[in-house]
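1. Compute the structure for the input listed below.
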Amino acid sequence: MSSLPPTSAEDARWLARCLELAREAAAADEVPVGAVLVVDGVVVGEGRNRVEERQSPFAHAEMEALQQAVQVLGAKRLPMATLYCTLEPCFLCAGAVLHARVRRVVFGARDPKFGAVRSLGSVLEDPRLNHRCEVLEGVEAEASAELLRAFFRGKRGGNGGAAGGGAGGGGSRVGS
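-> Numbering: from 1, shown residues only. As a prediction, the model looks like this:
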């Protein structure tokens, strides 16, 4: 659905910020996912996973970024916004993106266990829905996937990935 050119310098810039947020999440022992919501080149919301900190299954990076943006802009709809995130949004986050009417989503790594944009579904581009998003995947995909692999390797005691494949090396949304 995306008629936009492949990765732009702007996309790379915002994904770099998402990676910083993901590293903050990892440092706090959270699944390393970061998200930034941008309107007209300005950040209006950003977030990182805080599931453990808040003991909430809703404390995903994308949800935090969307909530901040809604508060900053004073509007429940974000039709000019682009959501950048290190990991393919899950069904929870994809649903929130659609309800907020976000125009575009750019993400790094696929999430084979929970991904709702490419891996397990294509919710954001489903023609049956009254709103769809432009989607660009793969920006900083390797850096995003490596953060997840390193995090889960550490959780497994460095055994190199006994739990399985994918960007998260065994469940990229485990605990998120």
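2. Shouldn't V38 be within a strand?
-> Yes. According to DSSP: H, G, I helix; E, B strand; the rest coil, the state of V38 is that of a strand.
3. Contacts only, for it.
-> 14, 44, 81-82, 84 (CB atoms under 8 Å, 6 or more residues apart in numbering). Yep, even glycine has a C-beta here, placed from its N, CA and C like the rest.
4. Can you tell me which of those residues are buried?
-> 14, 44, 81-82, 84 (16 or more other CB atoms under 10 Å).
5. Sitting in strands, which of those residues do you find?
-> 44, 81-82, 84 (DSSP state E).
6. Just want the phi and psi numbers for A75.
-> Phi and psi for A75, reported as degrees, to the nearest 10, are phi -140, psi 140.
7. My understanding was that R17 contacts V36; is that so?
-> Yes. Using CB atoms under 8 Å, R17 is in contact with V36, at 5.2 Å.
8. which neighbours do those two share?
-> In contact with both R17 and V36: 43, 46, 84, using CB under 8 Å, 6+ apart.
9. Grab the nearest non-local neighbour of the last one.
-> Looking back up the chat, that one is Y84. Once flanking residues are discounted, Y84 sits nearest to W14: 4.2 Å by CB to CB, 6 or more residues apart in numbering.
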